[in-house]
Each structure stands twice: as C-alpha cells, then as structure tokens.
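Trainee: predicted model and sequence below, questions to follow.
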Amino acid sequence: MPKKAIIICVTGGKGGTGKTFVAVNLAIMFKNNGNDVLLIDGDVENPNTYLLMGAQLENKKEVPYFIPKIVEEKCTKCGLCAQNCVAHALLHIENSFPIPMLTVCTGCKLCYKICPEEAIEADSKVMGWIYKTKIKNISLLIGELKPSEARSATIVEALMEDLDEIIRNEPEKFDIIILDTAPGAHCDVELLISKADIVIPVTEPTKFGKIDLTRIIELIDLIKKDYRTIVNRSSLLGFRDEFLKNLKENNIHILGDIPFDEDIVSSYCQGLPLMDQSNKFKHSKGYKAFKIIFKELDNWLISKQIEITG
Amino acid sequence: MVILAVPTFGNGGLNELLNPRFGRCDSFTFITIEKGNIKEVRTVSNSASGAMGGAGIQAAQIVGNNGAKELIAGFLGPNAAQSLNALNIKIYQAPNQQMTVKQCIELYLQGKLLEMNSANVGAHYGMGPGMGGGRGMGRGAGRGMGRRDQF
C-alpha cells in the first residue's frame, strides 16, 4: 500500500495568536525527526511563513481569474448572458452590446458557457501568485493575493489544486503536509481545514482568543474534523490555569500550551525558527513546551492510528 | 428632445416625490422634454427595488432601456454610477431637500442642477432601514468634478 501523507491544518480564528509560529516550528520538528515535509501558506493576504523560515519567494506562477470578453462581431445583442448573470455583472440594454461590470463579476463563467453565439471569450486577469521554494530541507508552497483584489479563495483553490496534483502524482514525496491558514472562519480557512486529517487551532488566553476559538471549533465540527487546541502565550498575566480550566469545562480538546517566553519573541524578531536545532533557543521555556506539545501530537496521531513513517 | 429619468416613490408621476434611493426606488418617472417643455410623462415600476444585490446595475438597465439619456438622483452607489457612466447617461444631483418631480424638472429647466459623475455613497447604502422620504437628499458631492468625457 502506498504511503499517504498526513495533512495537519494549523488555524485559530483570531489573528496574531501564533498560527504561523506553530506551523513553521511543527514543520521543523517533523523535518528534524527525518520526515519529508511540505508547508503550505494559505494565509494569502499576508503570507509570512517564508520570512520566518528565512526563505526567498521563488518560482513565481500567476493565478489567473476569468473575466468575460464580448466579441462584438459574433454578439447578436440578445441579452441572454445579462438575464442569467446571478451577480448582475453584465449590463445590457436593448440593441446594445452587453457591458461587463468587472467589479461585481464572480468569475463563474456562466455567460461564457451559455452564449448561443459563442460571443463571449474567456479573458483573464491576474488575481495573485503561487511561489514554490525549498529551505532547510522543507518544501514551501506560498499563495499571495494581489493587493487590491478581493477574491482570496481563488488563490487558496489554486494552492489546493497544486496539493491535489502532488498527492496524485507523487504520493510518496511527503510524509507530513502542514497547512497554515488565515485568521477567521471564512471560506479560505474552511477549504484548508476540509483538506486536513487533523486540525490544530492556536489561541491565546484572552476574551478575543476564546470567542474566536469557539467560532473556529464550530467550523471544524461542521466539517467533521478532529482537532486539538494549542494555547499560546499561556502565562500571559497569570490567566493560564483559569483559561485552560475554562476550555476543559467547555469540552474543548487541548493539545498543550506554550508559555510567554522572551526567547520566542526574540526568535520571531530575528526571523529564526525557535525549534531550529542550530540556534541558541534550545534552553528556553518555549522550546521545552514545544517539545512536550510535539510528543502529545505524536501520541494523538498514534491514538488515531496514523503512523508517521520516515 | 431628451428623456429624463427620476427615481420616485409609489407609482411615480409629476406630483410624486423624488426618491433619494436610486437602485431601490419604487418607480422611475420618465419625462420627455422638447424645446424646454414637458412633452410626455411615463412611469415604470422598479423591478430591482427588492433585489438581493446588483440593484444599482439593474436599475441603470431600466433607465437605459427606457431611452433616458439624463437622470436626476439623490444617493448613488458605486455600481450604479459605474453603470450609468457606461451607458453614457448624464447624472444631475438632486437638491438637498424633499421635492416633487415637477419641482425638480423646473430647477433642471432653469439650469440649476449640478452634474455629478461618480458615486456619492458607498455600496448598499440604500438597503438599510430608515431611508424614508423625510431624509435630506444629496450631499453636494461630485460638484465641479470635471466632465463625463473621461469615461
């Protein structure tokens, strides 16, 4: 039986809780354990994983987005396209060519498909880019939305198409695939969670952290995925025990917690991954906490009868 | 001869009040003007008034399909403004007070209305509650903002 990669989605609802920090350091720990790791940055509005890994954006590939183009030589001005456009993105008045309103066009291609005269051509504009690179023996796939554009899901979909292609064509290439999501509980995040075998929401011991965690867990439950939470900066202002107790009382599954640690801040400021064995953070509180979390993650995977090869 | 469109309340007509909401007005009153006189008045109900989205674009389509080349409007959203510009429809800012269609036409004929060429409110502005006729119209936005020719 061919080996199947384990897909772990790191998410969390709230922004700034440490999703990217956890995703990058998990990737490094799996790699240190001898696994082939692919890290996908699905936070396409602010892709930062490569910065923390010290990588460069390389192998840029454009992500195209459909826009309709009216071929006036073929168009009979019948208006069928405008009548059927759900977004009302085609402006048509009698005896005139339809006018595409690109700001409201959702790129669904319905007009292109139903035009009886084939008078609508599939034109495209660039919605963003995908980058492929490799650093510290970890493969990186990064999505970036073009500034000023709104349809981030297009980029996440393109990333997932690339992922499907990798799984289809090179199923043995990776042992572990880590997906880093944007904050929030929207369609981009949903798409990434739905691809995962297990989900790790990252939160912090604040009211915002708890409410956003509740929202993301609702989404994870809806997609019927198994999750365990990491509480980051858990020692912040001494709310750790109360916060963890509160989560347990609400039946929220916990993987572990990472205390507030100046060494983590320092590693972040310098753009050096905490768990990189070559650096100086080995004796920090954060490093030790991360080791415990990794052990718990291993136990969790074993309990789910998912075996990590490598 | 020019056909002028005015978004109106109820069934519309010369004695009806101008509706400050463009995309979600109840009806449009179309006034044909020839040599400075009102020649014909027609009313068309606005099928876009309850649309989930894209009301401005659909309303612009109704205006265009009824042959109007000019429009008097209160609040105009970005999609409506873009659509009207694409159809080369000249837009005049309605005065900042309640007014019947007839009163608006008089000001128009006296050349007292100002032209505007871009949106003066954000998207979905007209969807919220409390947008009744008692609300002041227009904000003077778009004054002296250049000609439509740039489109």
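Mentor: That came through, no problem.

Trainee: could you pull up the residues touching the residue nearest to B:Gly23 when sequence neighbours are not counted?
Mentor: Excluding its sequence neighbours, the residue lying closest to B:Gly23 (C-beta to C-beta, 6 or more residues apart in numbering or on different chains) is B:Ala55, at 3.4 Å. Every C-beta, even on glycine, is put in place using the N, C-alpha and C of the backbone. For B:Ala55, the contacting residues are B:Gly23, B:Arg24, B:Ala48, B:Ser49, B:Ala80, B:Gly126, by C-beta atoms under 8 Å, 6 or more residues apart in numbering or on different chains.

Trainee: next: A:Ala182.
Mentor: So A:Ala182 contacts A:Gly42, A:Asp43, A:Val44, A:Glu45, A:Asn46, A:Ser152, A:Asp188, A:Val189 (C-beta under 8 Å, 6+ apart).

Trainee: A:Thr20 versus the first one, what's the distance?
Mentor: Here the criterion is C-beta to C-beta, to the nearest Å. By it, A:Gly42 lies 11 Å from A:Thr20.

Trainee: which of these two has more neighbours?
Mentor: A side-by-side neighbour count of A:Gly42 and A:Thr20, using other C-beta atoms under 10 Å in any protein chain shown, places A:Gly42 first with 29 against 24.

Trainee: right, and the more buried one touches A:Glu144 too?
Mentor: No - if you go by C-beta atoms under 8 Å, A:Gly42 and A:Glu144 don't touch, sitting 10.8 Å apart.

Trainee: now the closest residue to chain B within the stretch 151-300 of chain A: closest residue in space that isn't a chain neighbour?
Mentor: At 15.6 Å from chain B, A:Arg151 is the closest residue in the stretch 151-300 of chain A, using C-beta to the nearest C-beta. Using C-beta to C-beta, 6+ apart and skipping residues adjacent in sequence, the residue nearest A:Arg151 is A:Met127, 5.9 Å away.

Trainee: where's the one you found, which helix or strand?
Mentor: strand A:120-135 (DSSP states H and E).

Trainee: for that strand, buried residues please.
Mentor: A:Ile120, A:Met127, A:Gly128, A:Trp129, A:Ile130, A:Tyr131, A:Thr133 (16 or more other C-beta atoms under 10 Å in any protein chain shown).

Trainee: for B:Ala86, state which of these is nearest.
Mentor: Taking C-beta to C-beta as the measure, B:Ala86 sits nearest to A:Ile120 out of the buried residues of strand A:120-135, at 17.0 Å.

Trainee: so for the closest one, what's the pLDDT?
Mentor: At A:Ile120, the pLDDT value in this model is 96.

Trainee: residue contacts, it?
Mentor: A:Pro68, A:Lys69, A:Ile70, A:Val71, A:Cys81, A:Cys111, A:Tyr112.

Trainee: which of those residues are buried?
Mentor: So, by 16+ other C-beta under 10 Å, the buried ones in the contacts of A:Ile120 are A:Pro68, A:Ile70, A:Cys81, A:Cys111, A:Tyr112.

Trainee: pLDDT value on the last one, please?
Mentor: Model confidence at A:Tyr112, expressed as pLDDT, equals 96.

Trainee: could you grab the helix/strand/coil label for A:Leu38?
Mentor: Classification of A:Leu38 using DSSP: H, G, I helix; E, B strand; the rest coil returns strand.

Trainee: likewise B:Val44?
Mentor: In three-state terms, and counting by three-state DSSP, B:Val44 is strand.

Trainee: nearest residue to it other than its sequence neighbours?
Mentor: Excluding the flanking residues, the one nearest B:Val44 by C-beta to C-beta, 6+ apart is B:Phe28, at 5.0 Å.

Trainee: tell me the contacts of the closest residue to B:Lys69 other than its chain neighbours?
Mentor: Spatially, and ignoring its direct neighbours in sequence, B:Lys69 is nearest to B:Val2 (5.6 Å; C-beta to C-beta, 6+ apart). Taking C-beta under 8 Å, 6+ apart as the criterion, B:Val2 is in contact with B:Thr32, B:Ile33, B:Lys69, B:Glu70.

Trainee: ok, the third one to B:Phe30 distance?
Mentor: As for B:Lys69, its distance to B:Phe30 is 11 Å (criterion: C-beta to C-beta).

Trainee: from B:Gln61, how far off is the nearest residue to B:Val121 once chain neighbours are set aside?
Mentor: For B:Val121, ignoring the flanking residues on the chain, the nearest one in space by C-beta to C-beta, 6+ apart is B:Phe75 at 4.6 Å. Per C-beta to C-beta, B:Phe75 is found 18 Å from B:Gln61.

Trainee: again with A:Asn251
Mentor: Taken as C-beta to C-beta, the span from A:Asn251 to B:Gln61 is 53 Å.

Trainee: and for A:Ala122?
Mentor: Taken as C-beta to C-beta, the span from A:Ala122 to B:Gln61 is 24 Å.
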